[in-house]
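*Asks:* Okay, here's the prediction I keep looking at, along with the sequence it came from:
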Amino acid sequence: MSFKNGQKKALTFSFDDGNEDDVRLVGLLNRYGLKGTFNLNAGLLSHTSSWNFEGGKEVRHINYTEHPHLYDGHEIACHTYTHPHLEALDAATLENEIVLDKKVLEYLYGCEIHGMALPFGSYNDAVIQAAAENGMAYCRTTWATQSFSPPDSLLLHPTCHFLDGNIGELARRFLESETKEPQLFYIWGHSYELVTEDDWAAFEGFCKSLSGREDIWYCTNIEAIKAIQNKETGRDNDEKL
Ligand SMILES: [Zn+2]
């Protein structure tokens, strides 16, 4: 199979928890023509649920009314309504966490949602089943594969975290590869983990190094997953999931 326009390589980003640093991060992705998916907790889209990251940095959740169009051109996906450990919930509460998040985000952002990042990356069979039954085409974990193999199930393991010490080497491998098989470079993180100006500069340098290549498809998570799954089922890639 190939991705769009016959490309064999796809690059996508996945950022969790919807916080105010997403404003700067989205600007950076847009500057370099990169695409990503933002996994939001509909029950936490206000400043009142702020908290402190390492070094005392205050992290404030994104407020929808202040930034209604921030994620335009990217994908909005579920991250559950209140970010609990899903595997610890009873069946009804588990369903509520997924359905409420999906419905509220779809209403606010005027989109259809078919993707989900698992809070804390944790899950069990009941979690995956509930996600599938509520229309999710993938469930992203936090388990880094260090590889570019496309997922072959609902579970979507990332290539690496965006501050992984090996990410430069992975990028070099991805860029130099002359693969005949499809490769998906899948990077996840939280924008609030970029604390210093040096952190931001390093990540911008990384984005720049991967940008503007004709042999790479810059896509959202769901676009990559649709291309992979539709190839397996023989459906047209433009057909809605
Ligand atoms: Zn999270």
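*Replies:* Great, that's in hand.

*Asks:* how about low-confidence regions in this protein?
*Replies:* 232-241 (pLDDT under 70).

*Asks:* For it, which residues are neighbours of the ion?
*Replies:* Proximity of the chain to the ion, by CB under 5 Å from the ion, involves residues 16-17, 119. All C-beta spots, glycine's among them, are computed from the backbone N, C-alpha and C.

*Asks:* can we see that at 6 Å?
*Replies:* Within the chain, the positions adjacent to the ion are 16-17, 79, 83, 119 by CB under 6 Å from the ion.

*Asks:* Turn the residues you listed into CSV, including neighbour count.
*Replies:* Listed next are the residues of the chain next to the ion as CSV, based on neighbours: other CB atoms under 10 Å:
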residue, neighbour count
16, 26
17, 22
79, 28
83, 18
119, 22
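
*Asks:* In strands, which of those residues fall?
*Replies:* Per DSSP state E, strands hold the following members of those: residue 16.

*Asks:* Nearest spatial neighbour of whichever residue of the chain sits closest to the ion, chain-adjacent residues omitted?
*Replies:* Residue nearest to the ion within the chain: residue 16 (4.0 Å; CB to the ion). Excluding the flanking residues, the one nearest residue 16 by CB to CB, 6 or more residues apart in numbering is residue 39, at 4.6 Å.

*Asks:* which SS state does the one you found fall under?
*Replies:* Following DSSP: H, G, I helix; E, B strand; the rest coil, we place residue 39 in the strand state.

*Asks:* What's the separation between it and residue 76?
*Replies:* Distance of residue 39 to residue 76, computed by CB to CB, to the nearest Å: 8 Å.

*Asks:* Any idea how many residues pack against residue 211?
*Replies:* For residue 211, the neighbour count with other CB atoms under 10 Å is 15.

*Asks:* Next, count neighbours for the nearest residue to it once chain neighbours are set aside.
*Replies:* For residue 211, ignoring the flanking residues on the chain, the nearest one in space by CB to CB, 6+ apart is residue 32 at 3.8 Å. Neighbourhood size, residue 32 [other CB under 10 Å]: 15.

*Asks:* ok, now residue 143?
*Replies:* Residue 143 has 10 nearby residues by other CB under 10 Å.

*Asks:* For the top helix by length along the chain, what is the distance to the chain centroid?
*Replies:* Counting by DSSP state H, the longest helix found in the chain is helix 91-109. Remark: helix 91-109 is offset 17 Å from the chain centroid, using CA atoms, centre = their mean, to the nearest Å.

*Asks:* other SSEs contacting that helix?
*Replies:* strand 75-78, helix 125-133 (3 or more CB pairs under 8 Å, 6 or more residues apart in numbering; DSSP states H and E).

*Asks:* In contact with residue 51, which residues?
*Replies:* Applying CB atoms under 8 Å, 6 or more residues apart in numbering to residue 51 gives the contacts 58-59.

*Asks:* Spatially nearest residue to the residue nearest the centre of the chain, not counting backbone neighbours?
*Replies:* Nearest residue to the geometric centre of the chain (CA atoms, centre = their mean): residue 14, 2.2 Å. With sequence-adjacent residues excluded and distances taken as CB to CB, 6+ apart, residue 14 is closest to residue 188, at 4.2 Å.

*Asks:* Pretty sure the one you found sits in a strand.
*Replies:* Yes: the assignment for residue 188 by three-state DSSP puts it in a strand.

*Asks:* Use 9 as the first number from now on
*Replies:* Shifting the count to begin at 9 puts that one at residue 196.
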